[in-house]
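Peer 1: need a 3D model of the sequence below.
(one chain, ligands or ions: 1)
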Amino acid sequence: MSHSGLSLRGFGAGYHKRQIIQDLNIAELPRGKVTILLGPNGSGKSTLLRAMAGLNKAEGELLLDDVDLLSQPFAKRAEQVVYLPQSLPAGVHLHVLESIIVAQRASGGLHNAAKQAEVMTLLRQLGIEHLALHFLDQLSGGQKQLVGLAQSLIRQPSLLLLDEPLSALDLNYQFHVMDLVKRETQQRNIVTVVVVHDINIALRHGDHVLILKQGKLLANGKPDEVITPQSLAQVYGVRGRVEPCSQGMKQVIIDGLTDAAH
Ligand SMILES: Nc1ncnc2c1ncn2[C@@H]1O[C@H](COP(=O)(O)OP(=O)(O)OP(=O)(O)O)[C@@H](O)[C@H]1O
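Peer 2: So this is what the prediction gives:
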């Protein structure tokens, strides 16, 4: 049977002398859905994303629509997989617009009027059109994050890996960006994996949630099935409740640390 989506089989990842993730098995993260990757600091989230993108050592199988990306040459994988790191490289003296056009060119094709229009549409959707002619190295942390997202989306990946894309964004932008990522994921029918630390963002915006702890997969399922008082205690050592708010949406309220975490 053929599959559409991303699966990991016996996937391992790490660094020169250190294995961080071992024998990870994830059956099918479907196209068109946003998967949120949760886990404590140091649990291996960035290592996993970077390994999927070919930037760290990896082993096992990483299947996108049944094709093993690990067996492909790096350049071929880079056409399909885009990884947005936690922060953009410093000291890049380019205009926002130029930097996005460079990213667009990297994904192939000639630069023409239609492509320029695509860049401007994306800037508008992200609410940063007014920054088009600003220099990257003169932007705020949150503005840089939005530009990084534009650079990632313009490359039209099949697998989009976003590492804490909300960490510098205000509340309004956090919602706006998650809505945009969800919409683009559906419209482009791609697989998107987003690392966040905010459990309520995961509950509200994730189609699917994975939880990593010490390089192992502790949970894999629908947000409200895997974000529970038990998993909050086990993963983060906190006492938490998952309760409907007055609008009926579920949210997490943290009451404190578990006794074990003191
Ligand atoms: N370049 C590296 N060389 C060796 N070990 C590393 C390297 N980068 C990270 N690690 C180790 O890998 C483990 C997982 O780190 P990783 O950055 O993947 O965690 P994370 O879940 O993304 O954490 P955070 O939420 O703090 O960003 C940590 O123990 C870290 O010390």
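
Peer 1: going forward, measure contacts between C-alpha atoms and count neighbours the same way
Peer 2: Will do.

Peer 1: next one, pLDDT for the residue in the stretch 51-200 of the chain positioned nearest to the ligand please.
Peer 2: Among the residues of the stretch 51-200 of the chain, residue 197 lies closest to the ligand, at 7.4 Å counting by Cα to the nearest ligand atom. Listed pLDDT for residue 197 reads 97.

Peer 1: show me what from the stretch 1-150 of the chain comes close to the ligand.
Peer 2: Residues of the stretch 1-150 of the chain lying close to the ligand by Cα under 6 Å from any ligand atom are 15, 20, 40-47.

Peer 1: tell me the mean pLDDT for the longest helix anywhere in the chain?
Peer 2: Longest helix of the chain, by residue count under DSSP state H: helix 171-188. Mean pLDDT, helix 171-188: 96.

Peer 1: name the nearest residue to residue 69, sequence neighbours excluded.
Peer 2: Distances taken as Cα to Cα, 6 or more residues apart in numbering place residue 62 nearest to residue 69, at 5.6 Å, with adjacent residues excluded.

Peer 1: what's across from that neighbour in the sheet?
Peer 2: Residue 62 forms beta bridges with residue 8, as assigned by DSSP bridges.

Peer 1: helices of the stretch 101-250 of the chain, start to end?
Peer 2: Along the stretch 101-250 of the chain, the stretches classed as helices by DSSP state H, counting those that start in this stretch are 113-125, 141-154, 171-188, 199-205, 223-226, 229-236.

Peer 1: could you dump these to JSON lines with mean neighbour count?
Peer 2: Shown next, in JSON lines, are the helices of the stretch 101-250 of the chain (neighbours: other Cα atoms under 10 Å):
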{"stretch": "helix 113-125", "mean neighbour count": "15"}
{"stretch": "helix 141-154", "mean neighbour count": "21"}
{"stretch": "helix 171-188", "mean neighbour count": "16"}
{"stretch": "helix 199-205", "mean neighbour count": "20"}
{"stretch": "helix 223-226", "mean neighbour count": "18"}
{"stretch": "helix 229-236", "mean neighbour count": "17"}
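
Peer 1: for residue 32, which of the ones you listed is the nearest?
Peer 2: helix 171-188 (4.1 Å; Cα to Cα).

Peer 1: quick one, the closest one and helix 113-125 angle?
Peer 2: Angle of helix 171-188 versus helix 113-125, following axes from the mean of the first three to the mean of the last three Cα atoms, to 10 degrees, is 140 degrees.

Peer 1: chain center to the helix or strand harbouring residue 12: distance?
Peer 2: Using DSSP states H and E, residue 12 falls within strand 6-15. Here strand 6-15 shows a centroid-to-chain-centroid distance of 16 Å under the convention Cα atoms, centre = their mean, to the nearest Å.

Peer 1: give me the buried positions along it.
Peer 2: 6-8, 11-14 (16 or more other Cα atoms under 10 Å).

Peer 1: and these, which is closest to residue 33?
Peer 2: Comparing the buried residues of strand 6-15 against residue 33 with Cα to Cα places residue 6 closest, at 10.8 Å.

Peer 1: check contacts around the closest one.
Peer 2: Shown in contact with residue 6 (Cα atoms under 8 Å, 6 or more residues apart in numbering): 27-31, 62-66, 191.

Peer 1: 6 Å instead?
Peer 2: Going by Cα atoms under 6 Å, 6 or more residues apart in numbering, residue 6 touches 28-29, 63-64.

Peer 1: likewise residue 232?
Peer 2: If you count contacts by Cα under 6 Å, 6+ apart, residue 232 has them with residue 238.

Peer 1: what ranges in this protein fall below the confidence cut-off?
Peer 2: 1-2, 109-111, 261-262 (pLDDT under 70).

Peer 1: domain-wise, how is it divided?
Peer 2: 6-92+150-222, 228-262 (automatic domain parsing).

Peer 1: between those, which gets nearest to residue 120?
Peer 2: Between these, domain 6-92+150-222 lies closest to residue 120; by Cα to Cα that is 10.0 Å.
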